[in-house]
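> please work out how this folds:
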Amino acid sequence: MPNRTAVVEFILLGLTNDNHLSIVIFLVLLATFLLILMGNIIIVTIPLVDHRLQTPMYFFLRNFSFLETCFTIVIIPRFLYSLLTGRKAISRPTCLLQSFFFFFLGSSVFFHVAVMSFDRYVAICNRLHYITVMRNRVCLYLVLGCWLASFLLVLPTTVLFVHLPFCGPNIINHFYCDTAPLLQLSCTDTGITVAVALVTAALSLLSTLTVTIISYGCIISTVMRIPSSAGRKKAFSTCSAHLTVVMILNSSSIFRYIRPGQHGGCDSDNVVSFLYTVVTQLFNPYIYNLRNEQVKQALKDACDREYLSSVK
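Model prediction:
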């Protein structure tokens, strides 16, 4: 320890060292980033101009889209900058801050998905009580609860991380500051930090996945009793799309963060991380929102109003 120098910055290797492939990744990632922003911004703003979308379901979807936008901004712009300039260094405070917001916002995503699943369960399985159960105050408390629970879960790990010493090396085989590769670079015993991080990940992932599975299980059971085959087909189409995103998001996150003996820094881990930090973020606004007939109609009406006003 006396002969070691404290690390002041880390080197993020990214996904590839091939310059030509980096250009391709940059262009694809930039297009994906713009699509994510566009989809989420539409969902956040369209209920403000259409009273038909001012319901509990769209309240949750608006908050979810805002959360997804924040989550995407934490990861993708920094990676795009690295691909464009070739600069892979990131300061230690920035790296730790990125890690904190990644897990804080990431945990919030899972809690929001669970809350939206519960909302759909009440709407489909208890239609007569939906208005009384999902009151405005209840919806607000549920959303605030998601943010608070995420913050409280991530806080202990963050405190432990801030006090970890890093004495070199400082190379991270990843495209953002993830916990596992960072822990490998610390020059002290990280057993307690690893255990706390594992418990935190298990609590946030498994608890929210349980709520989601139970909610959709009840929804599917109710849908099966719909007499109309067309109604069942439409309901199953929506549920299957939602469940596909949930399964991709949860399976990749569970594989990445709570599988036994995982260390991080492997190419396979980078691919899995890219799946849930980029791919699912692209799918979410379009599957949860823009496939919805009410949202489509609201967008059409807004475009028609804009066209008529421009003509006048």
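> pLDDT value on the closest residue to Val133 other than its chain neighbours, please?
Distances taken as C-beta to C-beta, 6 or more residues apart in numbering put Val122 closest to Val133, at 5.3 Å, once the chain neighbours are dropped. The C-beta positions use only the backbone N, C-alpha and C, and glycine is treated the same way. Listed pLDDT for Val122 reads 89.
> Val122: neighbour count?
Applying other C-beta atoms under 10 Å, we find 19 residues neighbouring Val122.
> got it, and Phe274?
Around Phe274 there are 18 residues (other C-beta under 10 Å).
> residue contacts, it?
Contacts for Phe274 (C-beta atoms under 8 Å, 6 or more residues apart in numbering) come out as 15, 175.
> the helix or strand hosting the residue nearest to Val133 packs against which elements?
Using DSSP states H and E, Val122 maps to helix 92-125. When contacts are defined as 3 or more C-beta pairs under 8 Å, 6 or more residues apart in numbering; DSSP states H and E, helix 92-125 packs onto strand 9-12, helix 56-85, helix 130-133, helix 136-162, helix 179-185, helix 191-223, helix 229-257.
> what mean pLDDT does the helix or strand that the fourth one is followed by have?
The one in question is helix 136-162. Counting by DSSP H and E, the next helix or strand C-terminal to helix 136-162 is strand 171-172. For strand 171-172, mean pLDDT rounds to 88.
> next one: strand 171-172 to chain centre, how far?
Put simply, strand 171-172 sits 24 Å off its chain's centre (C-alpha atoms, centre = their mean, to the nearest Å).
> now tell me what touches it from outside.
Contacts of strand 171-172 (C-beta under 8 Å, 6+ apart): 10-13, 178, 181-182, 185, 265.
> in its sheet, what does that strand sit against?
Using DSSP bridges, the strands paired with strand 171-172 in its sheet are strand 9-12 (parallel).
> show residues contacting the strand it pairs with.
82, 88-92, 95, 170-172, 174-177, 182, 185.
> repeat that for 6 Å
88-91, 95, 170-172 (C-beta atoms under 6 Å, 6 or more residues apart in numbering).
> stretch 36-50 too?
Stretch 36-50 is contacted from outside by 53-54, 58, 61-62, 65-66, 68-69, 72, 281-282, 285-286, 289, 298, using C-beta under 6 Å, 6+ apart.
> in the helix holding Val122, which residues are buried?
By 16 or more other C-beta atoms under 10 Å, the buried positions in helix 92-125 come out as 92, 95-96, 98-124.
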